[in-house]
Every structure is written in C-alpha cells, then in structure tokens.
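Peer 1: Model the structure of this input:
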Amino acid sequence: MMNFLVKTIANAGALAVAVWLLDKITLTGESTGKKVGTLLLVALIFGLVNFLVKPLVKLLSLPLLILTLGLFTLVVNAFMLLLTSWLADKVDLSFHVEGFWTAVLGALIISIVSWALNVVLPDGD
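Peer 2: Numbering: from 1, shown residues only. Below is the predicted model of the structure:
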C-alpha cells in the first residue's frame, strides 16, 4: 500500500512539473487546494491507465518497439497521457493535454521527473 502511495505522489509531482513547463497541458481550479486535489485524482487515473492499458498496448506494438529499439515507448507514453486527459474530461476534472506533440513532450518530462522522484522517495516495501 505504501508503494502505491509513493508512486501516486511521484506521478502527481511529475504531472505538476509537466503542467508547469508546458503551456498546452492545463490544470485549472479556483484554489491551490483544488488544483492539488485534481492533480492527485489525475495521478490516480494516470496510474490506472498505465497499469491496465499500457501493457496491452505495448504487447500489441511489440514489433514497433523492437524495430525502433524501444523509442516507440515514448509514443505509447504519449497516448497514455492523452487517454488520461480524455478520461479526466469524462469525470469532469480540469486537466487537459492539447495535441499529440504536446503529449510526447509531456510524456518525456513525466518519465524523467517520475524516475527521479522514485529514486529519491522511499520504496515502502
């Protein structure tokens, strides 16, 4: 359970950095508390998408992953971010990613920041 919380907090931090750096990834809210709550809910959705959908997409795109020596993973991550944005819109959360190339850059930022935060934060096992 602690590992899940650490990963969710790391995802929320990585999403916050992407929102801060990229103008076309938006998170709106009336107050800072509302934005933090929205960010945590979006991080939960992002974690669920990565847990449930991403393995299937990676399996189906295995030939492309092999052909590009793994670089296609960045495109898969971008699609997971776009799916998260779409799901957040469906549950009325104020998080939006505008466009595929913004999602690619956002996925790169989220991957780097999430990796760094997972190195720093305790594992909890």
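Peer 1: List the buried residues for stretch 80-100?
Peer 2: Met80, Leu81, Leu82, Leu83, Thr84, Ser85, Leu87, Ala88, Leu93, Phe95, His96, Val97 (16 or more other Cβ atoms under 10 Å). Bear in mind the C-beta positions are built from the backbone N, C-alpha and C, glycine included.
Peer 1: quick one, helices of this protein?
Peer 2: Taking DSSP state H as the test, the helices found in the chain are 2-21, 32-52, 54-60, 62-67, 72-90, 100-120.
Peer 1: Can you tell me how far Leu64 is from Ala16?
Peer 2: Going from Leu64 to Ala16 by Cβ to Cβ, to the nearest Å gives 30 Å.
Peer 1: scratch that, Val57
Peer 2: Where Ala16 is concerned, Val57 sits at a distance of 25 Å (Cβ to Cβ).
Peer 1: same check, this time on Ala107
Peer 2: Counting by Cβ to Cβ, the gap from Ala107 to Ala16 is 15 Å.
Peer 1: out of these two, which sits in the busier spot?
Peer 2: Ala107 (23 against 18; other Cβ atoms under 10 Å).
Peer 1: which residue packs closest to that one, ignoring adjacent ones?
Peer 2: Nearest residue to Ala107, sequence neighbours excluded (Cβ to Cβ, 6 or more residues apart in numbering): Asn77, at 3.7 Å.
Peer 1: what's the neighbour count on the one you found?
Peer 2: Neighbour tally, Asn77, other Cβ under 10 Å: 20.
Peer 1: can you check Val119 too?
Peer 2: Neighbours of Val119 using other Cβ under 10 Å come to 8.
Peer 1: Do you know the pLDDT at it?
Peer 2: Listed pLDDT for Val119 reads 83.
Peer 1: before we move on, what about Asp125?
Peer 2: 55.
Peer 1: Leaving out chain neighbours, which residue sits closest to Thr28?
Peer 2: Thr28 sits nearest to Ser94 (Cβ to Cβ, 6+ apart), 4.2 Å away.
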